[in-house]
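> Predicted model follows, preceded by the sequence.
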Amino acid sequence: MKQFSYLLLTLLTVISGYAYLRYAYKVTDSTPFTQEIVLIILGTIATVFITALLLNKQTEVEIGKEQSIKFLELKTKTYERLLDLMEEMSVKESFSDESITKLQFITHRLAIVASPEVLREYNHFLGTISQISKDGSFEDDTKVLGAALGKLTIEIRFDLLRENTQEKKSYTLEQIKHMITDNSTDSSSININ
C-alpha cells in the first residue's frame, strides 16, 4: 500500500510539474533562469519519492531475508536435536521414558518447522522406532534403524538445502494437519517394556 501511495504521489508530482512547466515556459520565456529552477525542484522531488520507494522495498527484502535465515536456523537446530537424540538412544544399552518424552517434544518441534515431505518420512520413521523399541533398546536393530534414519536424513537434507529433485507434491492444509496429528500420536504410542 505504501508503494502504491509513493507511486501515486510521484505520478501526481510529475503530472503537476509538467503542467506547471508548460505554464512556466509560456509565462517566463524571457527569463530562462526561472525555468531551470523549476526543473531542479521537480527533479529533486521526484528523486526523493523514488528513493523512498526503493528504500522501502529494500527494507522489506532485508526483513524477509532475515526471517528466512532465522527460520532455517531454527529448522536446523530442531533436526540436529532429533539426530542427537537418536544417537543417544541408540548407544545406550536401554533407553528410558525420558528419551521417549524427548522424542515426543521433538515431534512437536518438527510440526512447526518441517516440510510435509519430512513429516511424512518422520511418520514412517516413528513407525519403525515403535516396532523395534519394544525391548527398550535398538541393540539388535541397528540396520533397520539406520535404514529408516537414512531415509529421514535424505528428506531433511532436501528440506534444508531446498534441492528436492523429486517431483514436488502439493500438500493440502488438511493433509499436513493429518501428518502432524499422526506423528504426535505415533510418538506418544512408543512403549518400552
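The structure has been received and is ready for your questions.
> what about stretch 137-145, distance to the chain center?
Relative to the centre of its chain, stretch 137-145 is centred 34 Å away, using Cα atoms, centre = their mean, to the nearest Å.
> quick one: contacts of that stretch?
M86, M89, S90, K92, E93, S94, F95, T128, I129, Q131, I132 (Cβ atoms under 8 Å, 6 or more residues apart in numbering). C-beta coordinates here come from the backbone N, C-alpha and C atoms, glycine included.
> List the buried residues of that stretch.
Buried residues in stretch 137-145, defined by neighbour count with 16 or more other Cβ atoms under 10 Å: S137, F138, D141, L145.
> Using the three-state scheme, assign the second one.
By that I understand F138. Put simply, F138 is coil when judged by DSSP: H, G, I helix; E, B strand; the rest coil.
> In strands, which of the contacts of stretch 137-145 fall?
Among these, none falls in strands (DSSP state E).
> count of neighbours near K177?
K177 has 12 neighbours, counted by other Cβ atoms under 10 Å.
> whoops, I mixed them up, G150
The burial count for G150: 10, using other Cβ under 10 Å.
> Same check on the one 5 residues further on?
Other residues within reach of E155 by the criterion other Cβ under 10 Å amount to 23.
> repeat for A114
By the measure other Cβ under 10 Å, the count of residues near A114 is 25.
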